[in-house]
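Trainee: Structure for this input, please:
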Amino acid sequence: MNKPVTALQPARFDVAAVRGEFPVLARTIHGHPLVFLDNGASAQRPNAVIAAVDDYERHHHANIHRGVHTLSQEATALYEGARDRIVPFINAHSRAEIVFVRGTTEAINLVAQSYARPLLRAGDEILITHLEHHANIVPWQLVCEQTGATLVVAPIDGKGEVHFDAVVALMSPRTKLLACAHVSNALGTVLPVRRLVAAAKARGIVTLIDGAQAIPHLPVDVQALDCDFYAFSAHKVFGPTGVGVLYGRESVLERMPPWQGGGDMILTVSFTKTTYNALPYKFEAGTPNISGVVGLGAAVDWLATLDLEAAHAHEAELLSYATEVLTDIEGLRVIGTAADKASLVSFVVDGVHPHDLGTILDQDGIAIRTGHHCAMPVMEFFRVPATARASFAFYNTFEEVDRLAASVARARRLFA
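Mentor: Next comes the predicted model:
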């Protein structure tokens, strides 16, 4: 914890300037400056996102697409402009491939019900991994119950790694879909998704990548990945809650029936027949979260002003430093030690329940996540009821890591 901080920080990335864009980081909690290390659950919002949502709500709010009046035209332009900015952000081929949803969970459920359910038959298989979030487990269990298909789970090892060969060994002529995380929310493990997608494609298997934890920490290029679906949530990437994106390969989306019926996903309706709208609107029934989409567009614009390579390098240094100082604490064990990890550390401390640890850290102004992280099979694999999870963003500092370590050490002394 006495390691020189300045020697670790990448020279190109101005952490202090970035922190100034996030008003919540100036708060004090229980008399201490806030240390926000729960970014894996939901990242904070910069001024640019707050201002964009505020401007929309104050000056432009109206329903979109069908109105001829000025406010409706303005709201539509803001909403569709955000879609246009998502296209280069993930390098989609066209705007028709960007479907706005409520978040990663809804995106996966949409694919499960609109793509998988009509296609699957008894004996078919869906392949996932052992480290998935519940949102990438339960929708496939539901589809299996509905169709008679089987859910197949690729293993993890004691480091929390998913091995390419182990996944490929489970691909068979019965495998119709591979659904896996890009980055584990519970462990931080980065999966070999490009190789997995290539192996699946060679066998005619459709692929879905849960990108919720990857999108803030890694460059995402869906054309380079060559996946059929990629899902992420705005609130993980400094945008509002309640909105997300399903990227879908246009040729696959075209073959899928609508998931929900209602306004905006139709062209014509009679009591005998309905004609559905074109992509992506076929999958956007009802009035959407317009201000949320506006905020997501603003988040993408703001991120474009940063040196993201330097930001990600800073996060990698934070992860390395946090792992070092935390493992120096007697009785602390890191859960998930994959060689390739994104910016979080899950850990347990002998004699201290994670929930108690989280409460003590909160008294010191430090926000972390405790629990099973919606990944109960991972906890069962490591034989722990829960972990404490410190997840970093590029606005976190090495001093904050030192405060985390000091507070964890204090909690251990209290319970010793």
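Trainee: Let's verify the residue nearest to residue 369 when sequence neighbours are not counted: helix, strand, or coil?
Mentor: Nearest-residue entry for residue 369: residue 389, 4.5 Å, with adjacent residues in sequence omitted and distances by Cβ to Cβ, 6 or more residues apart in numbering. From N, CA and C alone the C-beta is placed, and that goes for glycine too. Following DSSP: H, G, I helix; E, B strand; the rest coil, residue 389 is assigned to strand.
Trainee: Next: the one 5 residues further on.
Mentor: Reducing the assignment at residue 394 to three states with three-state DSSP gives coil.
Trainee: Looks like it contacts residue 316 (just checking).
Mentor: No: using Cβ atoms under 8 Å, residue 394 is not in contact with residue 316, being 10.2 Å away.
Trainee: between these two, who's got more neighbours?
Mentor: The neighbour count for residue 394 versus residue 316, taken as other Cβ atoms under 10 Å, is higher for residue 394 (24 against 16).
Trainee: what does stretch 206-215 rub up against?
Mentor: The contact list for stretch 206-215, computed with Cβ atoms under 8 Å, 6 or more residues apart in numbering, reads 40, 103-104, 108, 111, 115, 132-133, 135-136, 176-185, 188, 190, 193, 196-197, 200-201, 220, 225, 227-233, 236-237, 252, 342.
Trainee: repeat that with 7 Å
Mentor: For stretch 206-215, contacts defined as Cβ atoms under 7 Å, 6 or more residues apart in numbering pick out 40, 104, 108, 111, 133, 136, 176-185, 193, 197, 200, 220, 225, 227-233, 236-237, 252, 342.
Trainee: list the contacts for residue 52?
Mentor: 294-295, 298.
Trainee: out of everything not next to it in sequence, what's closest to it?
Mentor: Counting by Cβ to Cβ, 6+ apart, the residue nearest residue 52 is residue 298, at 3.5 Å.
Trainee: Same question for residue 253.
Mentor: residue 279 (5.4 Å).
Trainee: Does that neighbour touch residue 255 like I think?
Mentor: No: Residue 279 is not in contact with residue 255 according to Cβ atoms under 7 Å; the separation is 10.9 Å.
Trainee: quick one: which of the two has more around it?
Mentor: Neighbours were counted for residue 279 and for residue 255 using other Cβ under 10 Å; residue 279 has more, 19 against 10.
Trainee: Can you tell me the SS state at the residue nearest to residue 52?
Mentor: On the basis of three-state DSSP, residue 298 is classed as helix.
Trainee: Need the pLDDT of it.
Mentor: As predicted, residue 298 sits at a pLDDT of 98.
Trainee: send the alpha carbons of stretch 166-176 over as CSV?
Mentor: Output of stretch 166-176 as CSV, limited to C-alpha atoms (Å, rounded to 0.1, in the frame of the first residue of the first chain):
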residue,chain,number,x,y,z
ALA,A,166,-13.6,-27.4,-23.3
VAL,A,167,-16.3,-25.4,-25.0
VAL,A,168,-15.6,-26.7,-28.5
ALA,A,169,-15.6,-30.2,-27.2
LEU,A,170,-19.3,-29.7,-26.3
MET,A,171,-20.3,-28.4,-29.7
SER,A,172,-22.1,-31.0,-31.6
PRO,A,173,-24.5,-31.3,-34.5
ARG,A,174,-27.3,-30.8,-32.0
THR,A,175,-25.9,-27.4,-30.8
LYS,A,176,-28.1,-24.7,-32.3
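Trainee: Report the distance from that stretch to the chain centre.
Mentor: Here the centre of stretch 166-176 is set off from its chain's centre by 25 Å, with Cα atoms, centre = their mean, to the nearest Å.
Trainee: again with stretch 16-26
Mentor: Averaging C-alpha positions (Cα atoms, centre = their mean) puts stretch 16-26 22 Å from its chain's average.
Trainee: That stretch: which residues count as buried?
Mentor: Across stretch 16-26, burial judged by 16 or more other Cβ atoms under 10 Å covers 18-19, 21-22, 25.
Trainee: Including distance to residue 172 and secondary structure, could those residues go into TSV?
Mentor: Formatted as TSV, the buried residues of stretch 16-26 follow (distance: Cβ to Cβ, whole Å; DSSP: H, G, I helix; E, B strand; the rest coil):
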residue	distance to residue 172	secondary structure
18	47	helix
19	50	helix
21	49	coil
22	48	coil
25	49	helix
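Trainee: Quick one: mean pLDDT over stretch 91-111.
Mentor: Rounded mean pLDDT across stretch 91-111 is 98.
Trainee: If you count neighbours, what's buried in that stretch?
Mentor: 92, 96-111.
Trainee: Would you mind measuring the gap between the ends of it?
Mentor: One end of stretch 91-111 to the other measures 20 Å (Cα to Cα, to the nearest Å).
Trainee: Also stretch 337-352?
Mentor: 21 Å.
Trainee: give me the element the residue nearest the centre of the chain is part of.
Mentor: Centroid-nearest residue in the chain, with Cα atoms, centre = their mean: residue 212, separated by 1.3 Å. Residue 212 belongs to no helix or strand when assigned by DSSP states H and E.
Trainee: Check the gap between the residue nearest to residue 369 and residue 203 for me.
Mentor: 35 Å (Cβ to Cβ, to the nearest Å).
Trainee: neighbour count winner among those two?
Mentor: Legend: neighbour count by other Cβ under 10 Å for residue 389 and residue 203, higher for residue 389 (26 against 12).
Trainee: roughly how far apart are that one and residue 182?
Mentor: 17 Å.
Trainee: Next: residue 345.
Mentor: 18 Å.
Trainee: got it, and residue 120?
Mentor: 24 Å.
Trainee: Mind checking which of these two has more residues around it?
Mentor: residue 182 (25 against 22).
Trainee: The nearest residue to that one once chain neighbours are set aside: how many residues sit nearby?
Mentor: Spatial nearest neighbour of residue 182, excluding adjacent residues (Cβ to Cβ, 6+ apart): residue 214 at 3.6 Å. Look at residue 214: counted by other Cβ under 10 Å, it has 23 neighbours.
Trainee: So residue 214 belongs to a strand, correct?
Mentor: No: applying three-state DSSP, one finds residue 214 to be coil, outside a strand.
Trainee: Check the gap between it and residue 222 for me.
Mentor: Taking Cβ to Cβ, one finds residue 214 at 11 Å from residue 222.
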